[in-house]
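Q: heads up, no residue letters with this:
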DNA sequence: CAAGTTTTTTACCATTTGGTAAAGTTACGA
DNA sequence: TCGTAACTTTACCAAATGGTAAAAAACTTG
């Protein structure tokens, strides 16, 4: 019996990361089926069998990406402080989500692809990890609302609308670029708008 | 030389529609590359070469769907009356978008897939058809705002946020189904929330 | 109903694609 | 520095997939 857990070598760590990085961009823009191992190999300057040396299969790369994505994706939600100032906690969360949309559009699109297609590989993860966290946050927000610190509304739909609006800027960037060609300060404008909108919505 | 324009037969019309219908569902959930001609053939009870008899290629089916989609998709925006009551025109538009999300989730996801992947086949169409309409509507909304009939904000981002929130219910249904398992009146709840939210946002 | 046209079916084909086998090369600890 | 384990490369392969050829069947129309 071989030892299954073995500290990965420097090369191992480096190359797995290079593969992840290349695959992330390709999966995000072409989807899982639309991306070929050859493309990934090309994009990271490796040969196809080399990918399979580091990951069991194309699907294994995808799953690896989705797993690491999930953690990063949830951290802002987790970072909300139940004892903080309600309105400012919400606005901080929204600001963090907008920032993620701007800094990590590939991750946002990878996630969007997965969910639009029915979350074939992520459903269990959503159930087991996202759902409990989501329910807890809804509870906190609900408390804030009954305490009169936030305007009264359905907490779940509020969170959906925050996700929708913030992620839209990453996921539908192709469309936005056509409709609002002023490249320079588009992100600033978006952030100012979203912040103002939700502040108005949330203020009791 | 054969006559290129010929009135399509009854069978022609019927079968092309059957193919469209099957392809729409498959493209929407698996994407273009993730869908095979065999799957489409299966889904509409035809044989693969039969598809090619009615459409030149797999891509031709996709393009056909995107073209018809574009028109339906824009009609609510076009239906806004510049001379109507501003707040009620906006709310009517939002209501229609929510209704489309509920009635035509496949179309919404097809569109989402296309845009998330950088709109490879739709960019020209967005430029030539959506952009002018969008600009016109932004102008109208802007006028309403300067007249004090609507709260002041960036019209383009307002439209983006409406699209984001309404389409989110179709595009991310897989996620929402996990987080809000109360199947029955989910749509009602969503519509009530979205309407209330935007009414508050838009009211001066 | 007969001739011609449209539509369907069967049998194929070339390319792409995920993945493997195994030889060759490099890194690395004793 | 030498041997071994880690890594890379080349040459493949089987299945899947978009598409074609052409015969068979069904439908239309004079």
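A: Arrived safely, thanks for sending. Remember, it's a predicted structure, so these values are computed and weren't measured experimentally.

Q: per the record, what domains does chain A have?
A: A:9-55, A:62-202 (automatic domain parsing).

Q: Ends of the longest one, what's the gap?
A: Read it as domain A:62-202. Taking CA to CA, to the nearest Å, the first and last residues of domain A:62-202 lie 37 Å apart.

Q: Do any residues in it lie close to DNA strand C?
A: No. Domain A:62-202 lies out of reach of DNA strand C by CB under 7 Å from any atom of the strand, never closer than 9.7 Å. C-betas here are computed from N, CA, C, even on glycine.

Q: and stretch A:191-204, does that touch chain B?
A: Yes. Under the criterion of CB under 8 Å from any CB of the partner chain, stretch A:191-204 makes contact with chain B via A:192-194, A:196-197, A:200-201.

Q: So which of those wins on neighbours?
A: For these, neighbours were counted by other CB atoms under 10 Å in any protein chain shown; the highest total belongs to residue A:194, with 25 neighbours.

Q: which stretch of helix or strand covers that residue?
A: Using DSSP states H and E, residue A:194 maps to helix A:186-202.

Q: Can you spell out which helices and strands pack onto that helix?
A: When contacts are defined as 3 or more CB pairs under 8 Å, 6 or more residues apart in numbering or on different chains; DSSP states H and E, helix A:186-202 sits against helix A:86-103, helix A:155-171, helix B:155-171, helix B:186-202.

Q: Report the inter-axis angle for that helix versus helix B:155-171.
A: Direction vectors for helix A:186-202 and helix B:155-171, defined by axes from the mean of the first three to the mean of the last three CA atoms, to 10 degrees, enclose an angle of 70 degrees.

Q: Report the angle between helix A:186-202 and helix A:86-103.
A: On the basis of the same axes, to 10 degrees, helix A:186-202 is oriented at 150 degrees to helix A:86-103.

Q: hmm, who's touching helix A:186-202?
A: Counting contacts by CB atoms under 8 Å, 6 or more residues apart in numbering or on different chains, the residues outside helix A:186-202 that touch it are A:87, A:90-91, A:94-95, A:98, A:102, A:150-151, A:153, A:158, A:162, A:165-166, A:169, A:176, A:180, B:151, B:153-154, B:157-158, B:160-161, B:197, B:200-201.

Q: These: which ones sit near DNA strand D?
A: With the criterion set as CB under 7 Å from any atom of the strand, no member of these is near DNA strand D.

Q: Of these, select the buried ones using a PyMOL command.
A: Selecting only the buried entries of the contacts of helix A:186-202 in PyMOL, with 16 or more other CB atoms under 10 Å in any protein chain shown as the criterion:
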select buried, (chain A and resi 87+90+91+94+95+98+102+150+151+153+158+162+165+166+169+176+180) or (chain B and resi 151+153+154+157+158+160+161+197+200+201)
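
Q: can I get the helices and strands packed on helix A:186-202 in CSV with mean pLDDT?
A: As requested, the helices and strands packed on helix A:186-202 are exported to CSV (pLDDT from 0 to 100):
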stretch, mean pLDDT
helix A:86-103, 97
helix A:155-171, 98
helix B:155-171, 98
helix B:186-202, 96
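
Q: closest to residue A:112 out of those helices?
A: Residue A:112 lies closest, by CB to CB, to one member of the helices and strands packed on helix A:186-202: helix A:155-171, at 4.5 Å.

Q: close to chain B, is the closest one?
A: Yes. Contact of helix A:155-171 with chain B is found when judged by CB under 8 Å from any CB, involving A:156-158, A:160-161, A:163-165, A:167-169, A:171.

Q: Where does pLDDT dip in chain A?
A: A:1-7, A:183 (pLDDT under 70).

Q: Briefly note if whatever helix or strand residue A:27 lives in comes near chain B.
A: Mapping residue A:27 onto the secondary structure by DSSP H and E places it in helix A:10-30. Yes. For a cut-off given as CB under 8 Å from any CB, helix A:10-30 has contacts with chain B, namely A:29-30.

Q: buried set for that helix?
A: For helix A:10-30, a neighbour-count test (16+ other CB under 10 Å) marks A:15-16, A:18-20, A:22-30 as buried.

Q: wouldn't residue A:76 be in contact with residue A:94 here?
A: No. The pair residue A:76 and residue A:94 does not pass the contact test of CB atoms under 8 Å, sitting 9.3 Å apart.

Q: where's the nearest residue to residue A:134 once chain neighbours are set aside relative to DNA strand C, distance?
A: With CB to CB, 6 or more residues apart in numbering or on different chains as the criterion, residue A:134 has its nearest non-adjacent residue at 5.1 Å, and that residue is residue B:179. Shown here: residue B:179 relative to DNA strand C, a distance of 31 Å by CB to the nearest atom of the strand, to the nearest Å.

Q: Run through the residues that contact residue B:179.
A: Under the criterion of CB under 8 Å, 6+ apart, the neighbours of residue B:179 are A:126, A:130-131, A:134, A:156.

Q: again with residue A:181
A: No residues are in contact with residue A:181 under the rule CB under 8 Å, 6+ apart.

Q: which residues touch the helix holding residue A:27?
A: Judged by CB under 8 Å, 6+ apart, the contacts made with helix A:10-30 from elsewhere in the structure are A:8, A:35, A:39-40, A:43-46, A:50-51, A:54-55, A:61-62, A:64-65, A:68, A:105-107, A:109-110, A:113, B:33, B:116-118.
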